[in-house]
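Novice: I'll drop the sequence and a predicted model, then ask my questions.
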2 protein chains.
Amino acid sequence: MHPAARGGPQPGDALGRAFLDAVAGRPGPIVVERDDGFVAVDHIDYLGQLAERDEWAVSRAAGRVLDVGAGAGRGALALQERGQDVTALDVSPGAVEACRQRGVRSTYLGTIGQAASDGLAGGFDSALLLGNNLGLLGSRDAAPGFLAGLAALLRPGGIIVGTASGPDQSGLPVNLAYQERNLGAGRLPGTERVRVRYQQLASDWFDWLIPSPAELADLARSAGWEIAELRPGPGSLYAVVLTRPGG
Amino acid sequence: MHPAARGGPQPGDALGRAFLDAVAGRPGPIVVERDDGFVAVDHIDYLGQLAERDEWAVSRAAGRVLDVGAGAGRGALALQERGQDVTALDVSPGAVEACRQRGVRSTYLGTIGQAASDGLAGGFDSALLLGNNLGLLGSRDAAPGFLAGLAALLRPGGIIVGTASGPDQSGLPVNLAYQERNLGAGRLPGTERVRVRYQQLASDWFDWLIPSPAELADLARSAGWEIAELRPGPGSLYAVVLTRPGG
């Protein structure tokens, strides 16, 4: 019929804007668009209660904690209430601002690599990745670097605690086809290139990993980590504690 | 970061596929994407209860009814239950199939113009446009043709009953800017070019009108119709009965 005429989405901090709007009492839906055009609606309650597997992960986060991809600060606030020292790290300016507005006392805007350069190296007992943020491992190629980056921020003996979503179990042909294309290209099946859409904003495209526990264990092992605890469910979701046998 | 690599959405019957999945017990979210990149999630319950204003509109639909943009058939089924003769028209093959699967006895796949050519001209007492389907008027330029098309399907004295959404009242700057651009281009402020996204499918882009009651009255009048009844609310939503003073 007609072509689109008005420019399409604007590049920007889609997730951060969604957090700030929600904090201001104007929550709106967050859409995740995959690069095959598949759209899904993000149902995470970023301001509300943590999911059970995230509560479990918080309970395992010991000592001084780096909350990686802190979002609107649910995990950091839970740790503060427990009296733990926690720094909320996010690459999204809106997320960091939302954390501040909600009372998170220590925040860091940037990547884990930037945090290490900025003097945070070796300072934490636990790296916490809630909200399925083990997806930040990104891909088989990117995961070792990401895990090494976390390791650089931890004290000897420090642990990684996080939650993940395993590969899609919807049975939808479109998702099966996506996984098959990944395998054909030598990628892990649950490697997804996505961007976040919120109102008029679209984030950059980024790789997001939804690994099975076995795939996660394999990625961890090759970077010197191992799964010390695994809490399965619900569905393909799970939580883990990663430790370094030599660390 | 990375570019999208895997082709983007597939052109197709997004809404129809969503209806069929819902009928099969696998409902999924429907996203409406505006051509400035704004994304919204469609919260219409296509299989469930009619909204109050749609119930009101159904109660006003007299005699033999053409359900225009019948979707998954809620309105047609309600009329059948009341013992009225109703034909469910939709341009979406999936919608028409969903209507059939749900028990709608008379369906028509095509536009109102095609229906008139196919022998349905002059056959109906009421044209029913539920689910804010007065948005099908499209734009100031398209509305007269659409209303004339409906008129051709009605008997003398036939009426149009429908529901509409008036211009956005969210106060979001992005929506205000969109309305202002419309006005600057000589369009009604509530003229939206949108497409429907469902899973991997994207519909064609089409114009969708969200007119105020006054704007609707003006469009109707210039095509020989007038608002005989107006039921306002909730919010900017409303329902109307249109009649032809000379008809």
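Specialist: Nice, I can see it. What you see is a predicted model; the values in this text were computed from it and never measured.

Novice: after the helix-or-strand element of chain A with minimal mean pLDDT comes which helix or strand?
Specialist: Using mean pLDDT, DSSP states H and E, helix A:173-184 stands out as the lowest-scoring helix or strand of chain A, at a mean of 89. Remark: after helix A:173-184, the chain's next helix or strand is strand A:191-198, criterion DSSP states H and E.

Novice: I'd like the next helix or strand past that following strand.
Specialist: Per DSSP H and E, the first helix or strand lying C-terminal to strand A:191-198 is strand A:201-202.

Novice: And the contacts of the very next helix or strand once past that following strand?
Specialist: Downstream of strand A:201-202, the next assigned helix or strand under DSSP H and E is strand A:206-209. With CB atoms under 8 Å, 6 or more residues apart in numbering or on different chains as the test, strand A:206-209 has contacts from A:134-139, A:142-143, A:164, A:188, A:190-195, B:1-2. C-beta coordinates here come from the backbone N, C-alpha and C atoms, glycine included.

Novice: Using CSV, write out every CA atom in strand A:206-209.
Specialist: What follows is strand A:206-209, C-alpha atoms only, in CSV (Å, rounded to 0.1, in the frame of the first residue of the first chain):
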residue,chain,number,x,y,z
PHE,A,206,23.1,-6.2,20.0
ASP,A,207,23.6,-9.9,20.5
TRP,A,208,21.7,-11.6,23.3
LEU,A,209,22.4,-15.2,24.3
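
Novice: Can you give the strand pairings for that strand, parallel or anti for each?
Specialist: When sheet partners are counted by DSSP bridges, strand A:206-209 sits next to strand A:191-198 (antiparallel).

Novice: Dump the partner strand to CSV, keeping only the CA atoms.
Specialist: Backbone C-alpha positions of strand A:191-198 (Å, rounded to 0.1, in the frame of the first residue of the first chain) are rendered in CSV as follows:
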residue,chain,number,x,y,z
THR,A,191,22.2,-16.4,19.7
GLU,A,192,19.7,-13.6,19.0
ARG,A,193,20.5,-10.2,17.4
VAL,A,194,17.9,-7.9,18.8
ARG,A,195,17.1,-4.3,19.6
VAL,A,196,14.8,-2.7,22.1
ARG,A,197,11.9,-0.5,20.9
TYR,A,198,10.1,1.9,23.2
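
Novice: Low-confidence regions, chain A specifically.
Specialist: A:1-5, A:247 (pLDDT under 70).

Novice: Could you list the residues of it in contact with chain B?
Specialist: A:1-10, A:29, A:31, A:34-41, A:172, A:174, A:178, A:181, A:193, A:195, A:197-202, A:204-207 (CB under 8 Å from any CB of the partner chain).

Novice: and these, which are buried?
Specialist: Buried members of those, scored by 16 or more other CB atoms under 10 Å in any protein chain shown, are A:9, A:29, A:31, A:34-40, A:172, A:174, A:178, A:193, A:195, A:197-202, A:205-207.

Novice: Can you name the residues that contact A:Gly110?
Specialist: A:89, A:91, A:118.

Novice: Got phi/psi on it?
Specialist: phi 150, psi -180 (degrees, to the nearest 10).

Novice: nearest spatial neighbour of A:Val32, skipping sequence neighbours?
Specialist: Using CB to CB, 6 or more residues apart in numbering or on different chains and skipping the chain neighbours, the partner closest in space to A:Val32 is A:Ala40 (4.9 Å).

Novice: What strand or helix carries the one you found?
Specialist: Following DSSP H and E, one finds A:Ala40 within strand A:39-42.

Novice: so where do the helices sit in chain A?
Specialist: A:14-23, A:52-60, A:74-81, A:93-101, A:112-115, A:143-153, A:173-184, A:213-222 (DSSP state H).

Novice: Let's have those helices in a markdown table, adding distance to B:Ala220.
Specialist: Below are those laid out as a markdown table (distance: least, CB to CB, whole Å):
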| stretch | distance to B:Ala220 |
| --- | --- |
| helix A:14-23 | 37 |
| helix A:52-60 | 53 |
| helix A:74-81 | 50 |
| helix A:93-101 | 44 |
| helix A:112-115 | 60 |
| helix A:143-153 | 60 |
| helix A:173-184 | 42 |
| helix A:213-222 | 60 |
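
Novice: for those helices, which one sits closest to B:Tyr46?
Specialist: Closest to B:Tyr46 of the helices of chain A is helix A:173-184 (CB to CB; 20.6 Å).

Novice: That closest one vs strand A:191-198, what angle?
Specialist: Orientation of helix A:173-184 against strand A:191-198 (axes from the mean of the first three to the mean of the last three CA atoms, to 10 degrees) gives an angle of 130 degrees.

Novice: Can you show me the CA trace of helix A:173-184 as CSV?
Specialist: In CSV, the C-alpha atoms belonging to helix A:173-184 read as follows (Å, rounded to 0.1, in the frame of the first residue of the first chain):
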residue,chain,number,x,y,z
PRO,A,173,8.4,-22.6,13.3
VAL,A,174,9.9,-19.1,13.0
ASN,A,175,11.9,-19.6,16.2
LEU,A,176,13.0,-23.0,15.2
ALA,A,177,14.1,-21.6,11.8
TYR,A,178,16.1,-18.9,13.6
GLN,A,179,17.9,-21.5,15.8
GLU,A,180,18.6,-23.6,12.7
ARG,A,181,20.1,-20.7,10.9
ASN,A,182,22.3,-20.0,13.9
LEU,A,183,23.6,-23.6,13.9
GLY,A,184,24.2,-23.5,10.2
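
Novice: Make sure the residue nearest to A:Val32 is actually in contact with B:Val41.
Specialist: No: with contact defined as CB atoms under 8 Å, A:Ala40 does not reach B:Val41; the gap is 10.5 Å.

Novice: Give me the common contacts of these two.
Specialist: Both A:Ala40 and B:Val41 are contacted by A:31, B:29, under the criterion CB under 8 Å, 6+ apart.

Novice: what's in contact with stretch A:51-60?
Specialist: Stretch A:51-60 has contacts (CB under 8 Å, 6+ apart) with A:50, A:74-75, A:78-79, A:82, A:126, A:128-131, A:159, A:161-163, A:229, A:231, A:233-234, A:237-239, A:241.

Novice: Quick check, central residue of chain A?
Specialist: Nearest to the mean C-alpha position of chain A, by CA atoms, centre = their mean, lies A:Asn133 at 2.1 Å.

Novice: Was I right to think it contacts A:Thr163?
Specialist: Yes: with contact defined as CB under 8 Å, A:Asn133 counts as touching A:Thr163 (7.1 Å).

Novice: bridging residues for A:Gln199?
Specialist: For A:Gln199, the beta-bridge partners are B:Val39 (DSSP bridges).

Novice: same thing with A:Val86?
Specialist: Here A:Val86, judged by DSSP bridges, has bridge partners A:Val65.

Novice: Number of residues surrounding it?
Specialist: For A:Val86, the count of nearby residues is 28 (other CB atoms under 10 Å in any protein chain shown).

Novice: how about it, what does it touch?
Specialist: Contacts of A:Val86 by CB under 8 Å, 6+ apart are A:64-67, A:75-76, A:79-80, A:104, A:106, A:128.

Novice: ok, now with 7 Å
Specialist: Applying CB atoms under 7 Å, 6 or more residues apart in numbering or on different chains to A:Val86 gives the contacts A:65, A:67, A:76, A:79-80, A:106.

Novice: With A:Gly162 instead?
Specialist: So A:Gly162 contacts A:57, A:128-130, A:133-134, A:239-240 (CB under 7 Å, 6+ apart).

Novice: didn't A:Glu229 look like it was pressed against A:Leu242?
Specialist: No: counting by CB atoms under 7 Å, A:Glu229 stays clear of A:Leu242, with 8.9 Å between them.

Novice: Look at the two and report which has more neighbours.
Specialist: Shown here are A:Glu229 and A:Leu242; by other CB under 10 Å, A:Leu242 has more neighbours (25 against 14).
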